[in-house]
Structure formats: structure tokens, C-alpha cells
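[1] Build me a structure from this.
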Amino acid sequence: MKRGHLLHLANACLLFLCVSMYLGTGWSLVLFSFPIASQLTVDNYYLQFVPQVQAATRFFTGMTLVMLVSAAVLAWRERRTGLRWYPLLVLLAVVVATLLTRFFIFPYNAEMAAGITSPERLSQVLGAWMGMNRIRVALWTVQWLSMLGYFVHRLLRAEHPAGVRWPSFGLSIPPRREVRA
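    A predicted model of the protein is given here:
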């Protein structure tokens, strides 16, 4: 394998690692943290919520920049193949998730970090924050499925290199006699 191909594969694996980290973080929130939200009070929510969110924000901000560059490079490298749509979909989902975070989730984070003293307001903020995060988890799931599709597509192409190509997607189609067998 040529060095350029190895770097190309390493870049795709890096992007898959990043989307997997988002997927795991998002589904962990939905499955394990959201169910205990009703137990949070103005006295205990800060330590259960604010330091973790602040640390995650610092980490994911850098990782998101890596993802944007990685997806753009992968799309450019695949620009003449049907594989280009997978990193382009990841890129679009990363941009939308970032805008959602910046304009809709960060204000709730800031309000919680500043300190909420009203139980009613805490309930409203947590409810809205969880709703926005459910949308973001859906976007992270789309990112992960796109990268999974990219690797499955590559695998199918590798298994049928001499077959007829499905021109729209660059997929190999096995010869007819193999389909009948």
C-alpha cells in the first residue's frame, strides 16, 4: 500500500474515531444522565452538571475542528468517487450540530454555570437543554452512520473490484452468475 493511501485511510479512521466519541457521549447522556434529571435540585445540580459540561466543551471544541478538517480532506480525496457523499454528510451534520450547540445549548450552559436558584427555572432550563441535546445526539448518530456507510462501501468495493460498477454510487455489482448462485 502506498504512503498516500495509508494517510488517506488514517484520516478516515481518525474521523470515524471522532464521530464514535460523539456517538458514545451523546447516547450516554440520553441513556444514563437524562433519567436522573428529575432528581436534580438547585442545591445539587451544579456539581452533577457544570464541571462535566465545561470539561466536555473544551475537549469537543478542539475535536470538532479536527473533524471539520478531516471530513473536508476525506471529501476532497474522494471527490471523483461515490464515496464523497459520506464525508460531505458528516461535514454537514458537524456544522449543523455546532451551530445548534453555539446558539441554542451554550446559553443554557452559561445560565446553569452562573447559578440557578429557582426550582421552576432549573426544571425549565434542564428540560430545554435535554431537548436540544436529543436533536444533537440525532445529528451525531447521522455522523456515525455516515462513516459506517463509508467503510462498508469501501469494503464492498474491495470485495468486487472487477465487477460492474453501479455508476451513481461507485458500488461493485457481482457478475450475474454469482448473483444466481
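
[2] give me the number of residues near residue 33?
    Residues contacting residue 33 under the criterion other Cβ atoms under 10 Å number 15. Bear in mind the C-beta positions are built from the backbone N, C-alpha and C, glycine included.

[3] all strands of the protein, in order?
    Per DSSP state E, the chain carries strands over the ranges 164-166, 171-173.

[4] Which helix runs longest in the chain?
    Longest helix in the chain, counting residues (DSSP state H): helix 119-159.

[5] pLDDT on that one, on average?
    Average pLDDT, helix 119-159: 96.

[6] Show me how far it is from its chain's centre.
    Mean-position distance between helix 119-159 and its chain equals 6 Å (Cα atoms, centre = their mean, to the nearest Å).

[7] Same check on stretch 108-125?
    Using Cα atoms, centre = their mean, the offset of stretch 108-125 from its chain centre is 27 Å.

[8] buried ones in that stretch?
    Buried residues in stretch 108-125, defined by neighbour count with 16 or more other Cβ atoms under 10 Å: 108-109, 111-112, 116, 122-123, 125.

[9] Could you identify the most distant pair in the residues you listed?
    109 and 123 (16.4 Å; Cβ to Cβ).

[10] helices and strands of the chain: which one bottoms out on pLDDT?
    Here the helix or strand of the chain ranked lowest by mean pLDDT, DSSP states H and E is helix 176-180, holding a mean of 50.

[11] on that earlier part again, and of the buried residues of stretch 108-125, the nearest to residue 131?
    Of these, the one sitting nearest to residue 131 (Cβ to Cβ) turns out to be residue 108, at 10.0 Å.

[12] Skip the chain neighbours and tell me the closest residue to that closest one.
    Residue nearest to residue 108 in three dimensions, not counting chain neighbours: residue 129, with 4.3 Å by Cβ to Cβ, 6 or more residues apart in numbering.

[13] give the contact list for the one you found.
    When contacts are counted by Cβ atoms under 8 Å, 6 or more residues apart in numbering, residue 129 touches 105, 108-109, 112.

[14] and if you look at residue 16?
    147-148, 150-151.

[15] Can you turn the buried part of the residues you listed into a ChimeraX selection?
    To isolate the buried ones among these in ChimeraX, judged by 16+ other Cβ under 10 Å, type:
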select :147,150
